[in-house]
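Visitor: Any chance you could fold what I've pasted below:
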Amino acid sequence: QSARSMGLAVKNRGFIDKVRVLAMAGKGGDGCASFFRDTRVERGPPDGGSGGIGGNVLARATANQNDLRMSHTTYTAEDGGRGDGSGMDGRNGQSKVILVPRGTTVHRVGEVTFSRISAMQQPSAGLTYITDLLEEGDECVLVNGGKAGRGNAALRSGRIQSFRLAEDGHFGEMATFLLRMKSIADVGLVGFPNAGKSSILSVISQATPQIAAYPFTTLHPHLGIVQAEKFETFSVADIPGLIEGASENRGLGHEFLAHIERTLVLCYVLDLSGADHPIQQLDALRRELELYQSGLSQRACVIVANKGDTEDAPSRLRELREEVVIRDARGELPGLVAPPNGMSRVTAISARDRMNLPNLVRRLHAALKTQQTRETKELDRMVTEPLPGAEDEEYE
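Guide: Take a look at the predicted model:
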């Protein structure tokens, strides 16, 4: 039986979105100093093989990883094999692969060293951007394996035929890396603290975020997989609550905003019982996104009004829907994805009473498919559209 089924408290480990790892490449194999031996040959030539190349340490993106939770933080590749007599080279060391989620940004902390003292560098040593791992199978070499030592057969020259020495293999590179995940889900729940984002995630998926009646309950993102129609699923992230001034790094600030940079669809969660009117909440959320990154407020989005079971909810919902229709007609909500036929631009729900949740799932799934279709068409247009000024030349 699980601890949860037995009624025991289960610690919520949350969503790990950044981690520091130490990568140690393998040492190159030593070369061999040996000579050919045969009953018919008095003094054979050098036949010592070279060592193998040390293994690299790589980072590779995979869809099977949801966050950066890892069993350990030091990754060591295999050393290259030692060369042997009869011209046999040592085998190359096996590389070590660190599997990371898609959308992981890689920074190197400090400089690359060749020391064998496994000491992790602190972030104060300085960060160097390496790459972004966005798609399945994207990979990069973090540290390179050591160069193999040459055997005396490879060192033989025209002047020295009986070379009695061989080279030692070189140490592999070692460095500390900061892995940070930005792309965490297909849909990101965006709203002010205590708007009910965690409650929504818990009722439309199997995720179990911490839920309480006070702001800033969620301090780390939580990820849930939502079952849509026809065996299709999509991922939804409960992102920590945003406050005004987040673009200036107030509150969780830039840490919050970094999570939604590559989210495909935004879901604005507005509180119908909040102190501020839902329209003011929507304006403030979009303003903070735009101040952080130009164009982020125009990301594909849907609008959800939560706590529809409260006393003032009907009047506030009516005013919100009327204002959204007017702004959408004026083109002031460029990212708003048109709802399916018969559905309102604002989806009203109550996560506590589980009211209208099937429509919410259909709304999010439809918006996600619409945005995916848009991106596919845009990619096709970029591939097929000729470059400016690139006209076919006629040859006589």
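Visitor: pLDDT wise, what is D168 at?
Guide: At D168, the predicted lDDT confidence score is 93.
Visitor: typo on my end, it should be P388
Guide: With respect to pLDDT, P388 scores 46.
Visitor: Ok, P278 next?
Guide: For P278, pLDDT reads 93.
Visitor: quick one, what contacts it?
Guide: Shown in contact with P278 (CB atoms under 8 Å, 6 or more residues apart in numbering): 270-272, 305, 316-317, 319-320. C-beta: built from backbone N, CA, C; applies to glycine.
Visitor: Distance of it relative to D30?
Guide: With distances taken as CB to CB, to the nearest Å, P278 is found 70 Å from D30.
Visitor: One more: A351?
Guide: Distance from A351 to D30, counting by CB to CB: 64 Å.
Visitor: From the chain's centroid, how far away is the strand of greatest length in the chain?
Guide: Longest strand in the chain, counting residues (DSSP state E): strand 104-113. Offset of strand 104-113 from its chain centre (CA atoms, centre = their mean, to the nearest Å): 16 Å.
Visitor: Strand 104-113 and the helix or strand just after it, what's the angle between them?
Guide: Per DSSP states H and E, the first helix or strand lying C-terminal to strand 104-113 is strand 127-133. Counting by axes from the mean of the first three to the mean of the last three CA atoms, to 10 degrees, strand 127-133 points 140 degrees away from the direction of strand 104-113.
Visitor: quick check, distance from the helix or strand following strand 127-133 to the centre of its chain.
Guide: The C-terminal neighbour of strand 127-133 among helices and strands, as given by DSSP H and E, is strand 139-143. Relative to the chain's own centre, strand 139-143 is displaced by 15 Å; criterion: CA atoms, centre = their mean.
Visitor: Give the rounded mean pLDDT of whichever strand or helix holds R20.
Guide: R20 belongs to strand 18-24 when elements are defined using DSSP H and E. The average pLDDT within strand 18-24 is 91.
Visitor: Which other helices and strands does the helix or strand that it is followed by contact?
Guide: Toward the C-terminus, strand 18-24 is succeeded by strand 57-62 as the next helix or strand (DSSP H and E). Strand 57-62 is packed against strand 96-101, strand 104-113, strand 127-133, strand 139-143, with contacts defined by 3 or more CB pairs under 8 Å, 6 or more residues apart in numbering; DSSP states H and E.
Visitor: biggest separation within the contacts of P278, which pair?
Guide: Greatest spatial distance in these: D271 and E319, 14.2 Å, computed using CB to CB.
Visitor: These two: which is more packed in?
Guide: Set D271 next to E319 and count neighbours by other CB atoms under 10 Å: D271 wins out with 23 against 13.
Visitor: Per-residue pLDDT of the closest residue to the more buried one other than its chain neighbours, please?
Guide: Ranked by CB to CB, 6 or more residues apart in numbering and with sequence neighbours excluded, the top spatial neighbour of D271 is A195, at 4.4 Å. On pLDDT, A195 comes in at 84.
Visitor: can you count the residues close to A195?
Guide: A195 has 29 neighbours, counted by other CB under 10 Å.
Visitor: That one is in what secondary structure piece?
Guide: Assigning secondary structure by DSSP H and E places A195 outside every helix and strand.
Visitor: OK, contacts around it?
Guide: Counting by CB under 8 Å, 6+ apart, A195 touches 241, 269-271, 274, 281, 306.
Visitor: Give me the residue ranges of the stretch 51-200 of the chain where confidence is low.
Guide: Scanning the stretch 51-200 of the chain for pLDDT under 70 picks out the ranges 158-162, 183-184.
Visitor: My read is that P339 contacts R345, right?
Guide: Yes - between P339 and R345 there is a contact under CB atoms under 8 Å: 5.8 Å.
Visitor: returning to what we had before: buried subset of the contacts of P278?
Guide: Those of the contacts of P278 that meet the buried threshold are 270-272, 305, 316-317, 320, by 16 or more other CB atoms under 10 Å.
Visitor: what about the strands in the stretch 201-350 of the chain?
Guide: For the stretch 201-350 of the chain, the strands defined by DSSP state E, counting those that start in this stretch occupy 222-227, 233-238, 265-271, 301-306, 346-348.
Visitor: Can you lay out the ones you listed as a markdown table showing mean pLDDT and distance to N152?
Guide: Below are the strands of the stretch 201-350 of the chain laid out as a markdown table (pLDDT from 0 to 100; distance: least, CB to CB, whole Å):
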| stretch | mean pLDDT | distance to N152 |
| --- | --- | --- |
| strand 222-227 | 83 | 57 |
| strand 233-238 | 85 | 58 |
| strand 265-271 | 93 | 64 |
| strand 301-306 | 94 | 68 |
| strand 346-348 | 94 | 76 |
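Visitor: how about a markdown table for those, with distance to R374 added?
Guide: Formatted as a markdown table, those follow (distance: least, CB to CB, whole Å):
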| stretch | distance to R374 |
| --- | --- |
| strand 222-227 | 21 |
| strand 233-238 | 16 |
| strand 265-271 | 11 |
| strand 301-306 | 13 |
| strand 346-348 | 20 |
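Visitor: Out of the ones you listed, which gets nearest to G90?
Guide: G90 sits nearest to strand 222-227 of all those, at 44.1 Å, using CB to CB.
Visitor: Show me this structure divided up by domain.
Guide: Domains of the chain are assigned by automatic domain parsing as 18-181, 187-382.
Visitor: Centre of the chain to the shortest one, how far?
Guide: Read that as domain 18-181. Centroid separation between domain 18-181 and its chain, computed with CA atoms, centre = their mean, is 25 Å.
Visitor: and the end-to-end length of it?
Guide: Terminal residues of domain 18-181 lie 6 Å apart, using CA to CA, to the nearest Å.
Visitor: and if you look at stretch 128-143?
Guide: In stretch 128-143, first residue to last residue: 14 Å (CA to CA).
Visitor: Give the buried residues for that stretch.
Guide: 130, 132-133, 138-139, 141-143.
Visitor: Outside of it itself, which residues are in contact with it?
Guide: Stretch 128-143 is contacted from outside by 23-25, 56-63, 77, 97-98, 100, 102-108, 112, 172-175, 177, 183, 262, using CB under 8 Å, 6+ apart.
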